[in-house]
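**Q** Need a 3D model of the following:
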Amino acid sequence: MTTHSATLAIDEAVQARREAGHDVLHLGFGEAGVPVAPGLAEVLADAHLRNGYGPVAGSPQARAAAAGWFTRRGLSTEPGQILFAPGSKPLLFALLAAIGGDVVLPCPSWVSYAAQAALLDRRVISVPVPAEAGGIPDPEVLEQALRRAAANGARPGVLVLTVPDNPTGTVAPAEQVEAVCAIADRHGLAVISDEIYAELSHCGTVPGPVHHLAERTVVTTGLSKSLALGGWRIGFARTPEGRWGRRLHQELTGVASEIWSSLAAPMQAVAAHALSDPPEVTAHITAARRLHARIATEVHTRLLAAGAQCRAPQAGFYLYPDFAPAREVLRARGIATGTDLATALLDRHGIATLPGSAFGEPDTALTLRLATSLLYGATPRQRHRALTAEEPQTLPWIAPSLTRLSAALGELTAGRSGPSPRRGRG
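**A** Now for the predicted structure:
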């Protein structure tokens, strides 16, 4: 049986707790948490009469805008290489179906990759990430893992990379991405490069795998993270140039035609506008990038103070702490697994997170994924204020949440007893 996606399940569980009167600090769901960018609501309203079906791959205007968007970012692209979908998630599933073969994943990795592979009855070949960053398999062990998998009857066909990464919030070094792509090339693997966080790199542009294995790398992305349009469901993919890429685009279009038909026409109008990079949209993304970096860095400091090991955030709004240094203290409190740790934070302190086991790690790992982006405010006005504030961590609705997290982590790792979850309006 296919289980409920862990990220969506924790979000629904938090909403249910809040409706029951519990005060929950929500660090479990990767929603970007900033307001809609200026001009997009007006574009959507103007397009509301577009109620007919459109081309499966997307309207000429949307595809041209996406091609220009990629080209301006150093990746020359033609409209015929673009395909839109209601979010990048169905695109990822359609690509796994179209490419074929078993799926090679970094570990930890986003929750849906392995689940989609299972839906297609494909094996997952899991390879740990390197110490520096997540999103790619460790190059030093990838080769051995592929050979071992083939010897055991697997048929590796596609390698999924996330640059920048969810769940670790890091960016893999360019030389490691290059090494991984060289191994993929030797083994004849296709590469799916999930780059939905690329616009939110804290330090600028991110060179992805397509620069190293251009003829067999598909890039997927969307507007859910950079523009906080998760509920609008706008995703798109760039297939490679050349014969393989054209054949894949044709197959992908066929799969799309049988599953989602086309992206909703009003959303294609939004995409065509946003992907033309109007100044108010790019300024909004710049402000969001700054906010994500500031709050993720604040939370990282608190995780280190509580004794966790944690890579410094480099993109987006995720952190992936490992509480192994506090294992004995936690064990004395009845916490032996990542699930125990996430449960204790929720039940004892009203703080929602996800355990590393949701991302492919063994539950014995004392790892969590924290998403910091829902700390920005409960109302559009608060979120807008956070977006424009010079010191957002000092705002009166953000600072207490940071203090609450520090106190909860300190009480767990220091072995002191903590308070019960507070009740009140969520």
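
**Q** can you give me the helices in the stretch 151-300 of the chain?
**A** 174-186, 242-259, 265-274, 279-305 (DSSP state H, counting those that start in this stretch).

**Q** Show me the contact partners of the one helix or strand residue 387 maps to.
**A** If you go by DSSP states H and E, residue 387 is part of helix 380-388. Helix 380-388 has contacts (C-beta atoms under 8 Å, 6 or more residues apart in numbering) with 33-35, 284, 287-288, 291, 376-377, 392, 395, 397-398. All C-beta atoms are positioned from the backbone trio N, CA, C, and that covers glycine.

**Q** Pick out the most distant pair among these.
**A** Spatially, the most separated pair among the contacts of helix 380-388 is 284 and 397, at 20.8 Å (C-beta to C-beta).

**Q** of the two, who's got more company?
**A** residue 284 (23 against 15; other C-beta atoms under 10 Å).

**Q** got a pLDDT number for residue 419?
**A** Among the per-residue scores, residue 419 holds a pLDDT of 43.

**Q** same deal with residue 206?
**A** Model confidence at residue 206, expressed as pLDDT, equals 75.

**Q** With residue 415 instead?
**A** Per-residue confidence (pLDDT) for residue 415: 55.

**Q** Where does residue 135 fall, secondary structure wise?
**A** Counting by DSSP H and E, residue 135 is part of no helix or strand.

**Q** how deep is it tucked in, by neighbour count?
**A** 32.

**Q** quick one: contacts for the residue nearest the centre of the chain?
**A** With distances taken as C-alpha atoms, centre = their mean, residue 166 lies nearest the centre of the chain, 4.2 Å away. Residue 166 is in contact with 30, 110, 197, 316, 318, counting by C-beta under 8 Å, 6+ apart.

**Q** Just say which of the helices of the stretch 151-300 of the chain is most tucked in.
**A** Mean neighbours per residue, mean count of other C-beta atoms under 10 Å, is largest over the helices of the stretch 151-300 of the chain for helix 265-274, with a mean of 23.

**Q** I'd like the average pLDDT over that helix.
**A** Rounded mean pLDDT across helix 265-274 is 98.

**Q** so who does residue 401 touch?
**A** Residues near residue 401 by C-beta under 8 Å, 6+ apart: 25, 375.

**Q** same check, this time on residue 206
**A** By C-beta under 8 Å, 6+ apart, the residues touching residue 206 are 163-164, 171, 195, 198, 315.

**Q** could the helices of the stretch 151-300 of the chain be laid out in CSV, adding distance to residue 8?
**A** Output for the helices of the stretch 151-300 of the chain, formatted as CSV (distance: least, C-beta to C-beta, whole Å):
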stretch, distance to residue 8
helix 174-186, 29
helix 242-259, 19
helix 265-274, 20
helix 279-305, 21
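
**Q** Those: which one's closest to residue 143?
**A** Evaluated over the helices of the stretch 151-300 of the chain, closeness to residue 143 peaks at helix 174-186, with 5.4 Å, by C-beta to C-beta.

**Q** re the thing from before, nearest to residue 214, out of the helices of the stretch 151-300 of the chain?
**A** Comparing the helices of the stretch 151-300 of the chain under C-beta to C-beta, the one sitting nearest is helix 242-259, at 8.4 Å.

**Q** Against residue 355, how distant is the residue nearest to the centre of the chain?
**A** Separation of residue 166 from residue 355 (C-beta to C-beta, to the nearest Å): 15 Å.

**Q** quick one: contacts of the helix or strand containing residue 66?
**A** Residue 66 is part of helix 60-72, with elements assigned from DSSP H and E. Helix 60-72 is contacted from outside by 57-58, 76-82, 84, 219, 236, 238, 263, 268-269, 271-277, using C-beta under 8 Å, 6+ apart.

**Q** what angle do it and helix 265-274 make?
**A** Interaxial angle of helix 60-72 relative to helix 265-274 (axes from the mean of the first three to the mean of the last three C-alpha atoms, to 10 degrees): 30 degrees.

**Q** Test my guess that residue 260 contacts residue 89.
**A** No: taking C-beta atoms under 8 Å as the definition, residue 260 is not a contact partner of residue 89, at 10.7 Å.
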